[in-house]
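> the following comprises the amino acid sequence and a computationally predicted model.
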Number of protein chains: 2
Amino acid sequence: MTAQLIDGNVVARRLQDDIQQQAAAFEEKHGYPPGLGVILVGADPASQMYVRMKRRACKRVGLHSAAIELPEDATQEEVLAAVQQFNEDSKIHGILVQLPMPDQIDEEAVLSAVSLDKDVDGFHPVNIGALAMKGRTPTFTPATPTGCMVLIEEAGIDPSGKQAVVLGRSNIVGLPVALMLNEANATVTICHSRTPDASSYIREADILVAAIGKPNYVKANWLKPGVVIIDVGTNKVDDPSAEKGYQWVGDVDFEGAKDIAGAITIVPGGVGPMTITMLLSNTLKAAHRLAEG
Amino acid sequence: MTAQLIDGNVVARRLQDDIQQQAAAFEEKHGYPPGLGVILVGADPASQMYVRMKRRACKRVGLHSAAIELPEDATQEEVLAAVQQFNEDSKIHGILVQLPMPDQIDEEAVLSAVSLDKDVDGFHPVNIGALAMKGRTPTFTPATPTGCMVLIEEAGIDPSGKQAVVLGRSNIVGLPVALMLNEANATVTICHSRTPDASSYIREADILVAAIGKPNYVKANWLKPGVVIIDVGTNKVDDPSAEKGYQWVGDVDFEGAKDIAGAITIVPGGVGPMTITMLLSNTLKAAHRLAEG
C-alpha cells in the first residue's frame, strides 16, 4: 500500500487563489485591502521566519500587512500598547501575536487584549471557550488546527465515528485540534509527554495528528494500515548528505509510514502552508465582518 | 474484589463543615454572609429540585441565597435582566443560571452576561477558555467536573499517567472533566453517542467518568479490574419492588461493577452532593475575592 500524499502546498495554492480574488473584490469595493497586523517580540529565528512567511503570503494574495517588532526584553505595557495600536487601526482587520513570547510577558493578558473582532489567530480566551463548548461557534478558529481539519477533509475522510489520536496537547495545536475532532464526532484520545505508552493508542488510530516536535517519533510499525496522518511536526535534523547539512522531518517516520498509511502529509509542505492560508482566510473574513457588519 | 465505595455525602459533609466555619468567619468580619443568586427559567421538575437542593445547602452552611424564577416562555431580555440584577446586587457574590434553559433563550449570551467575578458555575466562556488552555487558571471551575476530580483524589488516585475515559461530551460535565483530567496528566479519551464501540475504550480505562444519562449503560464485563468509576448519571427507572415505584441508578451497572472496580461512587449520593458543595465553595471564594480584592 502506498499512501496518498497530502500536499499542503497544492491545497493552499487553490485556497489562496480564491482568497486573492476575494481580497481584490474587497479592495475594489472599499478602496483599501484587508490588513493583517503582526506583533513579534524578541529575535527567535523560527518566529522571525514565520512572520516573514506570513507577511510574504499576505503580499502574494493582495492583503496589506504591518508589523510591530519589539525587543526580547520588551515590557508587558509595550506589548499591550502594540496590541492597542492595531486594535484602533481601521486598516488592520486581523491581529496576529506571534507565540511564544518571552517569559516576562503575560501571554493570556496579551491575547485577551486583542479585539475579539480582530482575533484571526483564534486564541482569545472567549474564542477558545467557544471552541471547547458544544453548540458554540467561535468567531475565528486557530489557524494550524483549522488547517489540519481542512487537510483531513481533503484526504476524503469524515472524522465522524472514527478513532482519532492527537499526539501533543499544546494550546496552539494539540488541544484545539482535539476539540475540533471531537466536535466533528471523532472519538478522540489526547496523548502527551506523560502518556506511558503512546504507541498503544496510535495503533488503534484511524486519524493521527502528531504535534509534539520530536523528529521521527512515531514509528511505522505503530501504525494501523490505512491511517490518515497529519504531521504538524517540523523538526530540523542534521543530515551531512543534504546540501545544507540538515533536513526538515516530521514527528512521524515518513519513509516507513508512507507504505502503511492511507494518507499522509508531506513535511515540509503539509500543514505549514495551511496555517498561513487559514490566517489569510481569517483576515479576509475579519475585514468583511468589520467593513460590512 | 470489592470496590471501595466513594460516598459523596461523607466527603461533602466534611467540606461543607469547613465552608460553614469560613462563612461564619466571613459574616462576622463583614456583617453579611456570602450570597448566591439562582436563576431558574421554566418548570422542569428536575431543575426545580436542583435549585431547591442548592438553596437548602446554602442555608445549612450559613450562605444567603436568593432566587429569580421566570416562566417557561420568558424572553431573552427578561433572563438578561435577572442576570443584571444579581450582577449589581452587592449581597450576591455568586450567580448560578440553572441549565438547561428553554429553546428561545440564547444560553451563551446569558452565561456571558454573568459577571466574571460572580461566575461560580464556571461557565462563562472566558473561564471555559482558560480551562481549555495549558497554563491558564480559570477564576472558577464548573461544579460537577470539579466534584468529580475531588472524588478521584478522595479515592487516592493520582490521574497522572493513567488512562481515563470520559463517557459523554456535554458542556456541563463531559468536556470540562476531560479537560481537567488532561490537565492532571491523564491520557484522556472522550467517548460519545457517535463512538461505534465505547466498550473497547472502557476496557482499557484506569479511570472512568460516566456522564451520558443512560441507566446501567456500562456493563460489568466492560471494566478493567481496579478501575476507579465516577458515575455522574442519575437516572430514574421504574422499580415495582421499590416503595416509591422507582429507583435512581447511574450510567454504570453498580451491582456488577462493585465486584470489579477498585473504587466506585454510590448513586445517588456520589457526585450529586459534590456538585452542590463545589458551588458553595465557589460562592465562598467569590465572596472573599469581591470583599477583599
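In hand now; what should we look at?

> A:Asp73 against A:Met101, yeah?
No. Checked against Cβ atoms under 8 Å, the pair A:Asp73 and A:Met101 is beyond contact range at 11.8 Å. For glycine as for every other residue, the C-beta is placed from the backbone atoms N, C-alpha and C.

> neighbour count winner among those two?
A:Met101 (23 against 10; other Cβ atoms under 10 Å in any protein chain shown).

> okay, the more buried one: pLDDT?
At A:Met101, the model reports a pLDDT of 93.

> correct me if wrong: it contacts A:Glu108.
No. Look at A:Met101 against A:Glu108 with Cβ under 8 Å: they stay out of range, at 10.6 Å.

> give me the common contacts of those two.
Common neighbours of A:Met101 and A:Glu108 are not found (criterion: Cβ atoms under 8 Å, 6 or more residues apart in numbering or on different chains).

> verify the contact between A:Val51 and A:Leu40 for me.
Yes. Between A:Val51 and A:Leu40 there is a contact under Cβ under 8 Å: 5.0 Å.

> which neighbours do those two have in common?
Common neighbours of A:Val51 and A:Leu40, counting by Cβ under 8 Å, 6+ apart, are A:67, A:98.

> assumed A:Gln247 was part of a strand.
Yes. Counting by DSSP: H, G, I helix; E, B strand; the rest coil, A:Gln247 falls inside a strand.

> what's opposite it in the beta bridge?
Here A:Gln247 sits in beta bridges with A:Val237, as judged by DSSP bridges.

> per-residue pLDDT, it?
For A:Gln247, pLDDT reads 93.

> got the contact list for it?
Each residue near A:Gln247 by Cβ under 8 Å, 6+ apart is listed here: A:236-237, A:239.

> quick check: the gap between it and chain B.
Applying Cβ to the nearest Cβ, to the nearest Å, the value for A:Gln247 to chain B is 30 Å.

> A:Pro125 now?
To chain B, A:Pro125 is 3 Å away according to Cβ to the nearest Cβ.

> so where is chain A shaky, pLDDT-wise?
Residues of chain A meeting the criterion pLDDT under 70: A:1.

> how about the residues of it near chain B?
Counting by Cβ under 8 Å from any Cβ of the partner chain, chain A comes close to chain B at A:107-108, A:112, A:124-136, A:160-161, A:169-171, A:175-176, A:179, A:182, A:185, A:187-192, A:194-196, A:201.

> rerun that using 7 Å as the cut-off
Taking Cβ under 7 Å from any Cβ of the partner chain as the test, the list of chain A residues beside chain B reads A:108, A:125-126, A:128-130, A:132-134, A:136, A:160-161, A:169, A:171, A:175, A:179, A:182, A:185, A:187-191, A:194-196.

> and these, which of them are in helices?
Those of the residues of chain A next to chain B mapping onto helices are A:108, A:125-126, A:128-130, A:175, A:179, A:182, per DSSP state H.

> mind putting these into TSV with neighbour count?
As requested, those are exported to TSV (neighbours: other Cβ atoms under 10 Å in any protein chain shown):
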residue	neighbour count
A:Glu108	18
A:Pro125	24
A:Val126	19
A:Ile128	28
A:Gly129	26
A:Ala130	23
A:Leu175	27
A:Leu179	28
A:Asn182	24
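
> what's the closest of those residues to B:Val249?
Proximity of those to B:Val249 was ranked by Cβ to Cβ; the top entry is A:Asn182 with 27.1 Å.

> quick one: contacts for the nearest residue to the closest one once chain neighbours are set aside?
Distances taken as Cβ to Cβ, 6 or more residues apart in numbering or on different chains place A:Val188 nearest to A:Asn182, at 4.9 Å, with adjacent residues excluded. Contacts for A:Val188 were tallied using Cβ atoms under 7 Å, 6 or more residues apart in numbering or on different chains; they are A:164, A:166, A:178, A:181-182, B:189-190.

> same check, this time on A:Glu183
With Cβ under 7 Å, 6+ apart, A:Glu183 has no contacts at all.

> ranges for the strands of chain A?
Ranges of strands within chain A are A:4-6, A:35-41, A:64-70, A:94-97, A:163-167, A:187-191, A:207-210, A:228-231, A:235-238, A:246-249, A:263-265, based on DSSP state E.

> pull up the pairing partners for the last one, direction included.
Going back to what we said before, that points to strand A:263-265. Partners of strand A:263-265 in the sheet, by DSSP bridges, are strand A:4-6 (parallel), strand A:228-231 (parallel).

> which one of those lies closest to A:Gln16?
Once the strands paired with strand A:263-265 are compared by Cβ to Cβ, strand A:4-6 is nearest, at 16.6 Å.

> pretty sure A:Asn182 contacts B:Gly168?
No. With contact defined as Cβ atoms under 7 Å, A:Asn182 does not reach B:Gly168; the gap is 11.4 Å.

> and A:Leu181, how close does it get to B:Leu131?
Distance of A:Leu181 to B:Leu131, computed by Cβ to Cβ, to the nearest Å: 18 Å.
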